[in-house]
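Visitor: Output the structure for:
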Amino acid sequence: MENQFKYTTATDKICGLTKRIRAVSGGTGASKTISILMWLIDYAQCRHNEIITIVAESVPHLQLGAIRDFKAIMQAVDVKGNNLWTQEKWNESTHIYKFETGTLIEFISFDKFGKAHGPRRDILFLNEANNIPYNIADQLITRTRKVIWMDWNPSEEFWFYTEMKPNRVDIDHIVLTYLDNEALDAASRQEIESHRNNKQWWQVYGLGQLGEITSRIYTGWNIVDDIPKEARLERYGLDFGYSNDPSTIISISYYNNGWILDECLYRKGMSNKDIVDVFQTLPQALIVADSAEPKSIDELRSYGLNVAAAQKGKDSVNQGIQLIIGQPISITRRSANTLKEYRNYLWMIDKNGKMLNEPNNFQNHAMDAIRYAMST
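Guide: Now for the predicted structure:
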């Protein structure tokens, strides 16, 4: 596969695994998912009439992760100007790609499996396995004939460490880090290494080692399938971004003495007019935006949007966080980027293991938008 998705040390290590269960844990930027997808694509091109199932927490998680990466790999142009993608072989509604060999790759979320009883498959890939309940994973593994792949960030112990690894002999388990991924761009590498001073974060996401994240800022949020019709939309939180950071819109609704968060936008390259266009498709409510961008706020107001600047001041970040911690909060399952930020939003830890009263600023765009809306 001679294209921009180059074989790396991570790919070589993954291709060297031979046992039935092939578990790949590691830090951010380690090319875990990309490398496994490359293996699956190569496999599908040389095996006839087999079924490969890729499972993640939800359809949005698949669309923003494995499906997007799969399409990018398949559509990447090699040195001869060719790629592997044939549009007619992709079914957008079922998320199935059928190769010329008759082998198909299907993308399915565990919440659609019920109790995971269903047709057997030849190959299984549990993407971000730590977010899939063990009873679901166990059923899927049992109904797989050949190879099971799984990957995850080792932020805390889960069923792989407690139920599987101590009790089975058919497991290959490797740990990858960003240093195993020679294809990682310099800016991403620099961003990762800038967090060396955060001890807990660095252990998990830098070194790829099993951690026990005790410094999570938010915990206990309830995941819901949708916003009830009876819920009352209160406002939106807006964090501006453009080339490096995504513009983020989170809706805040009130229901049954609690709050429901829903991700409406999380995308780079959005101009202010693009943001306006998104809001014009949403129900009207007050918008609370980052006050550090007064010109952008004025431009949004010029289009008739009701925009307030977030209240900022001394210690406003920590005060806003403490206000949110005390609230009963639910979040929709489709809010994939926000859920990822929620699970990785940490207090800083110094080199001596002391927790600092300062949030980590790595991928916190949705968390900022929520704080703007709920604390203003």
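Visitor: From here on, just use CA atoms for contacts and neighbour counts.
Guide: Noted.
Visitor: Which parts of the chain are helices?
Guide: Counting by DSSP state H, the chain has helices at residues 9-15, 32-46, 59-64, 66-75, 134-142, 159, 186-193, 199-201, 272-279, 294-302, 316-325, 336-344, 365-375.
Visitor: The fourth one - what's its average pLDDT?
Guide: Per-residue confidence for helix 66-75 averages out to 96 on the pLDDT scale.
Visitor: doesn't residue 202 make contact with residue 195?
Guide: Yes: under the criterion of CA atoms under 8 Å, residue 195 makes contact with residue 202 at 6.4 Å.
Visitor: Comparing those two, which residue is more hemmed in?
Guide: For residue 195 against residue 202, the residue with the higher neighbour count under other CA atoms under 10 Å is residue 202, and the figures read 21 against 18.
Visitor: Low-confidence regions, the chain specifically.
Guide: Per-residue confidence of the chain (counting by pLDDT under 70) places the weak regions at 1-4, 79, 111-118, 212-214.
Visitor: Give me the residue at the spatial middle of it.
Guide: Among the residues of the chain, the one closest to the centroid is residue 340, at 4.9 Å (CA atoms, centre = their mean).
Visitor: Okay, it and residue 163: tell me how far apart.
Guide: Distance of residue 340 to residue 163, computed by CA to CA, to the nearest Å: 24 Å.
Visitor: Pretty sure residue 297 sits against residue 289.
Guide: Yes: the pair residue 297 / residue 289 is scored as a contact, 7.2 Å apart, by CA under 8 Å.
Visitor: between these two, what contacts are shared?
Guide: Shared contacts of residue 297 and residue 289 (CA atoms under 8 Å, 6 or more residues apart in numbering): 307, 308, 309.
Visitor: about what we covered before: quick one: which of residue 297 and residue 289 has more around it?
Guide: Here residue 297 and residue 289 are set side by side on neighbour count (other CA under 10 Å), and the busier one is residue 289, at 28 against 22.
Visitor: I'd guessed the more buried one sits against residue 305; true?
Guide: No: taking contact to mean CA under 8 Å, the distance of 11.5 Å between residue 289 and residue 305 leaves them out of contact.
Visitor: so who does residue 172 touch?
Guide: Neighbouring residues of residue 172 by CA under 8 Å, 6+ apart: 17, 18, 19, 20, 21, 22, 23.
Visitor: So which of those is surrounded by the most neighbours?
Guide: Note: the member of the contacts of residue 172 with the most neighbours is residue 23, at 24 neighbours, neighbours being other CA under 10 Å.
Visitor: List buried residues within the shared contacts of residue 297 and residue 289.
Guide: By neighbour count, with 16 or more other CA atoms under 10 Å, the shared contacts of residue 297 and residue 289 hold 307, 308, 309 as buried.
Visitor: Take those residues and keep only those in strands.
Guide: Using DSSP state E to define strands, the subset of those located there is 307, 308, 309.
Visitor: Which residue is the nearest non-sequential neighbour of the last one?
Guide: By that I understand residue 309. Spatial nearest neighbour of residue 309, excluding adjacent residues (CA to CA, 6 or more residues apart in numbering): residue 291 at 4.6 Å.
Visitor: what about that neighbour, how many neighbours?
Guide: Using other CA under 10 Å as the criterion, residue 291 is surrounded by 18 other residues.
Visitor: Is it correct that it is in contact with residue 298?
Guide: No: the pair residue 291 and residue 298 fails to qualify as a contact (CA under 8 Å) at a distance of 10.6 Å.
Visitor: Quick one: residues contacting the nearest residue to residue 234 once chain neighbours are set aside.
Guide: Nearest residue to residue 234, sequence neighbours excluded (CA to CA, 6+ apart): residue 253, at 5.2 Å. Contact partners of residue 253, counting by CA under 8 Å, 6+ apart, are 231, 232, 233, 234, 235, 259, 260, 261.
Visitor: Can you point out the buried residues in stretch 149-166?
Guide: Neighbour-count burial for stretch 149-166 flags 149, 150, 151, 152, 153, 154, 155, 158, 159, 164 (criterion: 16+ other CA under 10 Å).
Visitor: gap between the fifth one and residue 239?
Guide: Same thing as residue 153. The separation that residue 153 has from residue 239, given CA to CA, amounts to 26 Å.
Visitor: One more: the first one?
Guide: Plainly put, residue 149 is 36 Å away from residue 239 if you go by CA to CA.
Visitor: same question, the third one
Guide: With the distance defined as CA to CA, residue 151 ends up 31 Å from residue 239.
Visitor: shouldn't residue 259 be in contact with residue 328?
Guide: Yes: contact between residue 259 and residue 328 holds when scored by CA under 8 Å: they sit 6.3 Å apart.
Visitor: which of those two has more neighbours?
Guide: Shown here are residue 259 and residue 328; by other CA under 10 Å, residue 259 has more neighbours (22 against 14).
Visitor: who's in contact with that one?
Guide: With contact set as CA under 8 Å, 6+ apart, residue 259 has these partners: 252, 253, 327, 328, 329, 330.
Visitor: That one and residue 63: what is the separation?
Guide: Taken as CA to CA, the spacing of residue 259 relative to residue 63 amounts to 26 Å.
Visitor: cool, and residue 303?
Guide: Applying CA to CA to residue 303 and residue 63 gives a distance of 31 Å.
Visitor: Could you list which residues are in contact with the spatially closest residue to residue 286 that is not a sequence neighbour?
Guide: If you skip the residues right next to it in sequence, residue 286 has residue 235 as its closest partner in space, 4.8 Å away by CA to CA, 6+ apart. By CA under 8 Å, 6+ apart, the residues touching residue 235 are 251, 252, 253, 285, 286, 287, 288, 373.
Visitor: Go through those residues and flag which are in strands.
Guide: Among the contacts of residue 235, the subset assigned to strands under DSSP E consists of 251, 252, 253, 286, 287, 288.
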